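K.L.:
One predicted model, sequence on top.
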2 protein chains.
Amino acid sequence: MNKVYTGKTKDVYALDNGNYQLKFKDDCTGTDGVFDPGANTVGLQIEGIGRENLKVSVYFFEILKKAGVKTHYVSADIDNATMEVLPAKVFGKGLEVICRYRAVGSFIRRYGAYMESGTPLNAYVETTLKDDDLGDPLITPDGLDAIGVMTLDQYAQMKAMTQKISGIVKDTLAEKGLDLYDIKFEFGYYNGEVILIDEIASGNMRVYKDGEIVEPTDLTKLILG
Amino acid sequence: MNKVYTGKTKDVYALDNGNYQLKFKDDCTGTDGVFDPGANTVGLQIEGIGRENLKVSVYFFEILKKAGVKTHYVSADIDNATMEVLPAKVFGKGLEVICRYRAVGSFIRRYGAYMESGTPLNAYVETTLKDDDLGDPLITPDGLDAIGVMTLDQYAQMKAMTQKISGIVKDTLAEKGLDLYDIKFEFGYYNGEVILIDEIASGNMRVYKDGEIVEPTDLTKLILG
């Protein structure tokens, strides 16, 4: 297998059948040994976390498959911490798409003059460019079009999918007494369609329980039961 | 007259007829005595620049009036450096709307991984919140809607007006051998309509001549002939 990409928490290999294999690593983003899902650097290793993130991803990808949502997920080998996926093409050098149900985090850092932290948002969607040096700059739909990363029609598809998928994750968590504040996705292009790629792990979302934030490792336990 | 607002380069007074009067000051934005139209602090005074900025604004507002574009401009008293305007309501705590024909400045600082400086853009429009402490953060149309500053319909009106006005300014400058790279506007709400407010001065635009940037004070001379 040829390694085609080395990521911070996952590596990507090309399979003989034309698909890709994602290898979930035990490296975590964070700073100085403290786990921070929002960080852009690898800060620590947690034994077995790659497998746990894969399990959570498979849990949600299977739910999405039943709901008819197109994703890159094909199958998974939990023991080896690998997932087989369709070889989707990322948009540009990669995008992060965020769906927000509560105004927290970078939304409040930017727009806190207009809104109290924790104010409900109506499945607000925004996109950032993956660019570690620049701290993942925000970009508008017109901006994505202007720099040639995606058309306005592709953006509309991506936004609608983000809201649909986020709603499914939110409802799934609500059944466990958990409250989704925001969640981050990546999308790619495959066979003429926008599809969900990457993972859906605890570190990609902010979840609260009884008004308190749930740390990612605890969230994984709550999701997997 | 009651002063209703003290700005960095202009003060605003309430007139008895219900309109506002803008007083153009000789204070300039910049840092440590160096003029920088993009700066958020007053850095120096230039004798007579308030009057010069008013003259340029009147020059463009009169052209826009003939073109049927709605603005807050009523009349001007050049000697006193004052302009009478309609009492439009700003959106939120104020927005800046930028129209770009070339990728330079903050666009390249954010998206330079995708585009060479100077690449043509097709009248790309973006909006920032006026917030000195945060360096005027970018906000998407959905974001403006989410924080309750304007509806998506108002944004569509504002974007269309921005492209129309920018086109008029670009064509006017082109007749003088000048090339508009980008320009910054403010909009307000009056009588149920989105209208152009504030000023259209040399410090609000980046203009090139024969491939070299034209400094604002030189640009004023070129515009006023």
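P.N.:
Arrived safely.
K.L.:
so residue A:52, which of the three states?
P.N.:
Put simply, residue A:52 is helix when judged by DSSP: H, G, I helix; E, B strand; the rest coil.
K.L.:
How is chain A partitioned into domains?
P.N.:
According to the TED database, chain A comprises the domains A:2-85, A:89-224.
K.L.:
mean pLDDT for those domains: which is lowest?
P.N.:
Confidence, taken as mean pLDDT, is least for domain A:2-85 of these (a mean of 92).
K.L.:
count of neighbours near the closest residue to residue A:61 other than its chain neighbours?
P.N.:
Nearest residue to residue A:61, sequence neighbours excluded (CB to CB, 6 or more residues apart in numbering or on different chains): residue A:73, at 3.8 Å. Quick note: C-beta positions are derived from backbone N, CA and C, even for glycine. When counting by other CB atoms under 10 Å in any protein chain shown, one arrives at 24 neighbours for residue A:73.
K.L.:
wait, residue A:73 sits on residue A:65?
P.N.:
Yes - using CB atoms under 8 Å, residue A:73 is in contact with residue A:65, at 7.0 Å.
K.L.:
looking at chain A, which residue lies furthest from center?
P.N.:
Centroid-distance maximum for chain A: residue A:113 at 27.5 Å, with CA atoms, centre = their mean.
K.L.:
Bridge partners for residue A:77, pull those for me.
P.N.:
Beta-bridge partners for residue A:77, by DSSP bridges, are residue A:82.
K.L.:
so how many other residues sit close to it?
P.N.:
Residue A:77 has 11 neighbouring residues, counting by other CB under 10 Å.
K.L.:
Can you report phi and psi for the residue nearest to residue A:61?
P.N.:
Here is the backbone geometry of residue A:73 (degrees, to the nearest 10): phi -60, psi 130.
K.L.:
Quick check: longest helix in chain A by residues?
P.N.:
With DSSP state H setting the assignment, residue counts place helix A:152-174 as the longest helix in chain A.
K.L.:
Return the set of buried residues in that one.
P.N.:
By 16 or more other CB atoms under 10 Å in any protein chain shown, the buried positions in helix A:152-174 come out as A:154-155, A:157-159, A:161-162, A:164-166, A:168-170, A:172-173.
K.L.:
do the same with stretch A:121-141
P.N.:
A:121, A:123-131, A:136-141.
K.L.:
Return the distance of the residue nearest the centre of chain A relative to chain B.
P.N.:
The centre of chain A sits closest to residue A:185, judged by CA atoms, centre = their mean, with a distance of 3.2 Å. According to CB to the nearest CB, to the nearest Å, residue A:185 and chain B sit 16 Å apart.
K.L.:
Work out for me the element that residue sits within.
P.N.:
strand A:179-190 (DSSP states H and E).
K.L.:
got the contact list for the closest residue to residue A:50 other than its chain neighbours?
P.N.:
Excluding the flanking residues, the one nearest residue A:50 by CB to CB, 6+ apart is residue A:24, at 3.6 Å. Neighbouring residues of residue A:24 by CB atoms under 8 Å, 6 or more residues apart in numbering or on different chains: A:9-10, A:50-51, A:53-54, A:81-83, A:199.
K.L.:
From residue A:51, how far out is residue A:24?
P.N.:
From residue A:24 across to residue A:51, the span is 7 Å (CB to CB, to the nearest Å).
K.L.:
who touches both of these two?
P.N.:
Residues touching both residue A:24 and residue A:51 by CB under 8 Å, 6+ apart: residue A:81.
K.L.:
What's the separation between the closest residue to residue A:31 other than its chain neighbours and residue A:121?
P.N.:
Leaving aside its sequence neighbours, residue A:31 sits nearest to residue A:43 (CB to CB, 6+ apart; 4.9 Å). Remark: distance between residue A:43 and residue A:121 (CB to CB) = 29 Å.
K.L.:
Chain A: helices as residue ranges?
P.N.:
Assigned helices in chain A, in chain order: A:49-66, A:106-111, A:141-146, A:152-174, A:216-224 (criterion: DSSP H).
K.L.:
Identify whichever of those helices lies nearest to residue B:59.
P.N.:
helix A:141-146 (29.2 Å; CB to CB).
K.L.:
Just the residues contacting that closest one, thanks.
P.N.:
By CB under 8 Å, 6+ apart, helix A:141-146 touches A:91-92, A:95, A:127, A:150-152, A:155, A:159, B:103, B:111, B:121-122, B:124-126, B:140-141.
K.L.:
go with 6 Å
P.N.:
Around helix A:141-146, the neighbours that count as contacts under CB atoms under 6 Å, 6 or more residues apart in numbering or on different chains are A:150, A:152, A:155, B:121, B:124.
K.L.:
Equivalent analysis for stretch A:105-117, please.
P.N.:
Applying CB under 6 Å, 6+ apart, the contact partners of stretch A:105-117 are A:100, A:103-104, B:131, B:137, B:147.
K.L.:
ok, of these, which one's closest to residue B:194?
P.N.:
residue B:147 (17.3 Å).
K.L.:
tell me the contacts of residue A:179?
P.N.:
Residue A:179 touches residue A:208, counting by CB under 6 Å, 6+ apart.
K.L.:
redo that, cut-off 8 Å
P.N.:
By CB under 8 Å, 6+ apart, the residues touching residue A:179 are A:173, A:207-209.
K.L.:
May I see the PyMOL selection of the buried members of those?
P.N.:
For the buried members of the contacts of residue A:179, the matching PyMOL selection, counting by 16+ other CB under 10 Å, is:
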select buried, chain A and resi 173+207+208
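K.L.:
Could you dump the contacts of residue A:179 into a markdown table and include distance to chain B?
P.N.:
Formatted as a markdown table, these follow (distance: CB to the nearest CB, whole Å):
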| residue | distance to chain B |
| --- | --- |
| A:173 | 22 |
| A:207 | 20 |
| A:208 | 19 |
| A:209 | 25 |
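K.L.:
For the residue nearest to residue A:208 when sequence neighbours are not counted, give its distance to residue A:171.
P.N.:
Leaving out its chain neighbours, the residue that sits closest to residue A:208 by CB to CB, 6+ apart is residue A:179, at 4.5 Å. From residue A:179 across to residue A:171, the span is 11 Å (CB to CB).
K.L.:
Chain A against chain B: which residues are in contact?
P.N.:
Listed as neighbours of chain B in chain A under the rule CB under 8 Å from any CB of the partner chain: A:92-93, A:103, A:109-111, A:113-115, A:121-122, A:124-126, A:129, A:131, A:134, A:137-143, A:146-149.
K.L.:
My guess is residue A:157 contacts residue A:194. True?
P.N.:
Yes - taking contacts as CB under 8 Å, residue A:157 lies within contact range of residue A:194: 4.5 Å.
K.L.:
Please name the nearest non-neighbouring residue to residue A:18.
P.N.:
Of all residues not flanking residue A:18 in the chain, residue A:87 sits nearest, at 6.2 Å (CB to CB, 6+ apart).
K.L.:
wait, the one you found sits on residue A:22?
P.N.:
No - here residue A:87 does not reach residue A:22: they are 11.2 Å apart, not a contact under CB under 8 Å.
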